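Asks: predicted model, plus sequence, below.
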Amino acid sequence: MTKQIVRTGDIADFFDRARDAARRADQGGKFDETVTLSFEDPQRMFTVLSTARRRLMTEVIREPKTISELSSSLNRNRSSITKDISLLESMGLVTSQRQVNPGHGIQKIICSVAPRIEMVATLG
């Protein structure tokens, strides 16, 4: 199972985690299937992962959905959902796939990159 971790920290924190991972690799240690997305500024993390975007991510973690389904279930307009998906996709948190929708053209299916996403913020 892949897990996505979103955290804040500075460049030193990043290199500390990288050194730890290198040590584990040198010792033949086991790695879990984890993807980490780091923000140096906690405020930037909370801006990118706003309440509305976290709700959207929760929906697609449960099951992949189309933009129309997300718009309906979240009570938001399609253009806002589309903009949020574009940002989350550029951050590596969701993926989208084009799919034929018989009689209606093409639709996008939005999926989470992991079945579980942790957000970690360390202040101070």
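Replies: Arrived safely. Residues are numbered from 1 along each chain as shown.

Asks: in this structure, which spans are strands?
Replies: Counting by DSSP state E, the chain has strands at residues 3-8, 34-39, 65-66, 94-101, 105-112, 116-120.

Asks: so what's the residue count around the residue nearest to residue 56 when sequence neighbours are not counted?
Replies: Spatially, and ignoring its direct neighbours in sequence, residue 56 is nearest to residue 84 (5.6 Å; Cβ to Cβ, 6 or more residues apart in numbering). For the C-beta atoms, the positions are set from N, CA and C on the backbone; glycine is no exception. Number of residues near residue 84 (other Cβ atoms under 10 Å) recorded here: 22.

Asks: which parts of stretch 62-80 are buried?
Replies: Under the neighbour-count criterion of 16 or more other Cβ atoms under 10 Å, stretch 62-80 has 64-67, 69-71, 74 buried.

Asks: list just the nearest of those to residue 95.
Replies: residue 64 (9.2 Å; Cβ to Cβ).

Asks: any chance of the buried residues of stretch 62-80 in CSV, plus pLDDT and distance to residue 53?
Replies: Below are these laid out as CSV (pLDDT from 0 to 100; distance: Cβ to Cβ, whole Å):
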residue, pLDDT, distance to residue 53
64, 95, 17
65, 96, 14
66, 94, 17
67, 93, 14
69, 95, 16
70, 96, 11
71, 96, 14
74, 96, 10
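
Asks: please name the residues that touch the closest residue to residue 106 other than its chain neighbours.
Replies: Distances taken as Cβ to Cβ, 6+ apart place residue 98 nearest to residue 106, at 5.3 Å, with adjacent residues excluded. Residues near residue 98 by Cβ atoms under 8 Å, 6 or more residues apart in numbering: 106-109.

Asks: and which of those is nearest residue 79?
Replies: Proximity of the contacts of residue 98 to residue 79 (Cβ to Cβ) peaks at residue 108, which lies at 13.5 Å.

Asks: that closest one: neighbour count?
Replies: Counted with other Cβ under 10 Å, residue 108 comes out at 16.
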